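K.L.:
turn this into a structure:
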Amino acid sequence: MTQGGSSVAEVRALLAALVATKPQGRVAECGTAVGEGATAIVGALAPGATFVTVEPDPERFAIARRALAGTRAEVLNGSWQQLLPARAPFDLIFLDGGVSDDTVDLAIDLLAPGGILVKDDLTPGIPVEGDPVREALLRTPRLIGAELLARADMAVIIATRRA
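P.N.:
Numbers count the residues shown, from 1 in each chain. This next block holds a predicted model:
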């Protein structure tokens, strides 16, 4: 697990592959940390795509802003719950931070129909029932998704918003 500081190589590769499927897409990241996931995303953006990433921690934001300087990433400091709704809908959201039922519902609200939501940093082998994150992402009728093993110690949920 990353303890919220960075993205692992396997997740960065997955993000790049998914972003590449949205050539005119509007992409958002909730929880920039130090910008490693954002770097993978911005590197895969097609010319017509846009990308905004939000980090609440001022120190991490400063590191990410330096790491992403000169790229097409718009790096914001604050709460994604407050900053992203006015920019929605998004074609892909990387939900790279702590989640609760409220934040999952809001993230789904921000997705365009057919939009993709990615959540990493999940411990593999945990049953869906009884795990609030898995239940929120895999049991809502608003999404269709699957949990994948990114590497031996990390699972990822990829879900698409139903029309």
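K.L.:
quick check: next helix or strand after the biggest helix by length in the chain?
P.N.:
Longest helix in the chain by number of residues (criterion: DSSP state H): helix 9-20. Using DSSP states H and E, the helix or strand that follows helix 9-20 in sequence is strand 26-30.
K.L.:
what is that following strand packed up against?
P.N.:
helix 36-44, strand 50-55, strand 90-95, helix 101-110 (3 or more Cβ pairs under 8 Å, 6 or more residues apart in numbering; DSSP states H and E). C-beta coordinates here come from the backbone N, C-alpha and C atoms, glycine included.
K.L.:
tabulate the ones you listed (TSV), appending mean neighbour count.
P.N.:
Below are these laid out as TSV (neighbours: other Cβ atoms under 10 Å):
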stretch	mean neighbour count
helix 36-44	22
strand 50-55	24
strand 90-95	26
helix 101-110	18
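K.L.:
can you put those in JSON lines and add distance to A9 and mean pLDDT?
P.N.:
Listed next are the helices and strands packed on strand 26-30 as JSON lines, based on distance: least, Cβ to Cβ, whole Å; pLDDT from 0 to 100:
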{"stretch": "helix 36-44", "distance to A9": "9", "mean pLDDT": "96"}
{"stretch": "strand 50-55", "distance to A9": "19", "mean pLDDT": "98"}
{"stretch": "strand 90-95", "distance to A9": "15", "mean pLDDT": "97"}
{"stretch": "helix 101-110", "distance to A9": "24", "mean pLDDT": "91"}
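K.L.:
of all the ones you listed, which one is nearest N77?
P.N.:
Closest to N77 of the helices and strands packed on strand 26-30 is strand 50-55 (Cβ to Cβ; 6.2 Å).
K.L.:
neighbouring strands - and their directions - for the closest one?
P.N.:
Paired strands of strand 50-55, with direction, are strand 26-30 (parallel), strand 73-77 (parallel) (DSSP bridges).
K.L.:
quick one, phi/psi of I116?
P.N.:
Phi and psi for I116, reported as degrees, to the nearest 10, are phi -110, psi 140.
K.L.:
counting neighbours, what do you get for it?
P.N.:
Using other Cβ atoms under 10 Å, I116 is surrounded by 23 other residues.
K.L.:
wait, it sits on F90?
P.N.:
No - contact criterion Cβ atoms under 8 Å: I116 and F90 do not qualify, at 9.1 Å.
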